[in-house]
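**Q** Okay, predicted coordinates and the sequence, questions at the end:
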Amino acid sequence: MARQKLLERYRALPLPTRQDEHWRFTDLSGFDPDGWTAGVAREARQAPAAAMLEIDAAGVATVGEAGWTIERAPEGVTFEPLAEQHPLLHSLVGWEEKFAAHNAALWQHGLLVHVPAGVEVEKPLYVRIANAVEGGSLFWRLLVVAEPGSRFTVIEELDSATPELTGYSNHVSELVVGEGARVEFVSVQNLSRGTWHFASHHARVERDAELDWVAGGFGSAKGKVWIQNDLAGRGATSRVTGAYFADGTQHLDYDTYQLHAAPDTTSDFAFKGALRDKASAVWRGMIRVEEAAQRTNAYQENRNLLLSKEAHANSIPGLEILANDVRCTHGATLGQVDREQLFYLMARGLSRSEAERLIVRGFFQDVLDRIELEPVRTALGAALEARIPQG
C-alpha cells in the first residue's frame, strides 16, 4: 500500500482510550503521536550513551534519526537496510492497529536480516537503535527471515542519547522462522524516562522450528509493547522470557499472544517484573489454541515484586482453547518484599539497599537462568540490580 494511503489509514484510526479493553490500564491522555518533530529530517546532535550490552558480534549496525552505520556484516548473510519493496514487509504486522499503522506510514529506518537455508552464524548479529533528537520521533522496523535449517541470534538494543531526552519511539519487528530453523532474538529497551515507546513484535514459527525470545524492559515513560508468536507448523516451539524493572512514575505495558495453529506445538512465556516508587506495570497474556492444534503444550506466567507501597501491577492471563487434547496452564502472582527475609539479611550487616538487591536478584534468577547467551544474562542481571539505589 502507498505511504499516503497508509497515512490516511493511520489518521482514520482513533487513539486508544481506557474504554478499549487492551488499553484499560494504560492512559494516553495528553499524548499526541503527531506532536513530535520528524526527527528523521534533522541532524542528530548527540552520540548515544554507552550501550548496556557488550557483544562480540558477527554483524554490527547502529541507527538513529540521522541515518545508518553498518560497521560489519557476516559473509553469506544479508544484514542491510530494509527495502520498502521487500515481499515479507507487513506480512505479520500491518496497519490494523493505531501505532502499527503510524509505523507503516512513516518508518524510515529498517534492518533486514536474512540467513540462507542451512547456514549457522556462530556470533550474534547486533543492532543498536538510539534516539538523539530532543522532542523527536524515531520509527524503526526490523525484518528477520530465517530460511529452513538456519541457526543464528539477533540482538537489538533501544536506548537514548541522554537520560533527560524526550521523544516518541515506534518500533515494529517481524520474524519469519522457516522449517527446522532455530532463532534467538533479544530485544532490550532502555530508553530515556521522557520517551513514549510503542512496539509491535510478531513472529511466525514453521514446522519443527524454534524461537527463543528475550525481552528486557527498563526505560521509557509510558507506552505499550505487543508480542505475538504464531506456532504455524507441526512441532514448532517458542519460548519468551521477559524481565522488566520500573521506578519513579514509569508505566510499562506488555500484551502477549500465543497462537497455536498446528498440532504438537509448544510455547512457554515467563515474564517477571520489579516495581519501585509509584511505578506501574500491566501484563495481559492470551493463549489461543485452534481446533486443529491438538497436543498443544502451552504455559504463561507473570510475577511481580513490589518494592514500595505505591507501586502497582495488573496481570490478566487468558485462555481460548478450541482443541480437546491440550495442556495449557497459566499463573500470575503479586507480592511485596518478604519482610522476614529483609530483616534476616539486614541483621547480618547488610544495608537495606544491599538486602533488597539480593532479594531482587533471587526473584529474577529463574528467568535469568532461561537466557542462554552469557553476556545478555550478565547484563540484564546487572541492570536489574542497579535499579536499587545505593544506601
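**A** Thanks, I have it.
**Q** For the rest of this, base every contact and every neighbour count on C-alpha atoms.
**A** Noted.
**Q** Need the phi and psi values for the residue nearest the centre of the chain.
**A** Compute the mean C-alpha point of the chain, and by CA atoms, centre = their mean the closest residue is residue 215, 4.4 Å away. When quoted as degrees, to the nearest 10, the phi and psi of residue 215 stand at phi -120, psi 120.
**Q** can you offset everything so residue one is 24?
**A** Sounds good: first residue 24 from here, last item residue 238.
**Q** What's opposite it in the beta bridge?
**A** On the basis of DSSP bridges, residue 238 is bridged to residue 210, residue 265.
**Q** from what I can see it touches residue 262, true?
**A** No: counting by CA atoms under 8 Å, residue 238 stays clear of residue 262, with 10.9 Å between them.
**Q** quick one on the thing from earlier: residues contacting the residue nearest to the centre of the chain?
**A** Residue 238 makes contact with 209-211, 263-266 under the criterion CA atoms under 8 Å, 6 or more residues apart in numbering.
**Q** What ranges does the stretch 174-323 of the chain have for its strands?
**A** Under the criterion DSSP state E, counting those that start in this stretch, strands of the stretch 174-323 of the chain are mapped to 174-183, 189-200, 205-213, 217-228, 233-240, 245-254, 260-269, 274-283, 289-298, 303-312, 319-329.
**Q** for the last one, packing partners?
**A** In this case it means strand 319-329. Applying 3 or more CA pairs under 8 Å, 6 or more residues apart in numbering; DSSP states H and E, one finds that strand 319-329 contacts strand 289-298, strand 303-312, strand 335-344, strand 349-359.
**Q** do that again at 7 Å, thanks
**A** Packing contacts for strand 319-329, counted by 3 or more CA pairs under 7 Å, 6 or more residues apart in numbering; DSSP states H and E, involve strand 289-298, strand 349-359.
**Q** tilt between the last one and strand 289-298?
**A** Right, the one you point to is strand 349-359. Strand 349-359 and strand 289-298 meet at an angle of 10 degrees, taking axes from the mean of the first three to the mean of the last three CA atoms, to 10 degrees as the criterion.
**Q** Need the phi and psi values for the closest residue in space to residue 409 that isn't next to it in sequence.
**A** Nearest residue to residue 409 in three dimensions, chain neighbours excluded: residue 380, at 8.0 Å (CA to CA, 6 or more residues apart in numbering). Main-chain torsions, residue 380, degrees, to the nearest 10: phi -60, psi -40.
**Q** Might one say that residue 380 is in contact with residue 406?
**A** No: contact criterion CA atoms under 7 Å: residue 380 and residue 406 do not qualify, at 11.0 Å.
**Q** Show me which pair in the contacts of residue 238 is furthest apart.
**A** Greatest spacing in the contacts of residue 238, by CA to CA: 211 and 263 (13.0 Å).
**Q** Under the pLDDT cut-off, which ranges of the protein? List them.
**A** Along the chain, the model assigns pLDDT under 70 to residues 62-74, 413-414.
**Q** So what sits opposite residue 329 in the bridge?
**A** Note on residue 329: beta-bridge partners residue 298, residue 359, judged by DSSP bridges.
**Q** count of neighbours near it?
**A** Close neighbours of residue 329, defined as other CA atoms under 10 Å, add up to 20.
**Q** How about the contacts made by it?
**A** By CA atoms under 7 Å, 6 or more residues apart in numbering, the contact list for residue 329 reads 297-299, 358-360.
**Q** Restricted to buried residues, select these in ChimeraX.
**A** Selecting only the buried entries of those in ChimeraX, with 16 or more other CA atoms under 10 Å as the criterion:
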select :297,298,299
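**Q** Just send the contacts of residue 329 back as JSON lines, with distance to residue 398 too.
**A** As requested, these are exported to JSON lines (distance: CA to CA, whole Å):
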{"residue": "297", "distance to residue 398": "21"}
{"residue": "298", "distance to residue 398": "24"}
{"residue": "299", "distance to residue 398": "26"}
{"residue": "358", "distance to residue 398": "29"}
{"residue": "359", "distance to residue 398": "30"}
{"residue": "360", "distance to residue 398": "28"}
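**Q** farthest-separated two in the contacts of residue 329?
**A** Pairwise distances across these peak at 12.4 Å for 299 and 358 (criterion: CA to CA).
**Q** Just send the strands of the stretch 174-323 of the chain back as JSON lines, with distance to residue 391 too.
**A** Converted to JSON lines, the strands of the stretch 174-323 of the chain look like this (distance: least, CA to CA, whole Å):
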{"stretch": "strand 174-183", "distance to residue 391": "16"}
{"stretch": "strand 189-200", "distance to residue 391": "23"}
{"stretch": "strand 205-213", "distance to residue 391": "13"}
{"stretch": "strand 217-228", "distance to residue 391": "21"}
{"stretch": "strand 233-240", "distance to residue 391": "10"}
{"stretch": "strand 245-254", "distance to residue 391": "19"}
{"stretch": "strand 260-269", "distance to residue 391": "8"}
{"stretch": "strand 274-283", "distance to residue 391": "19"}
{"stretch": "strand 289-298", "distance to residue 391": "10"}
{"stretch": "strand 303-312", "distance to residue 391": "19"}
{"stretch": "strand 319-329", "distance to residue 391": "14"}
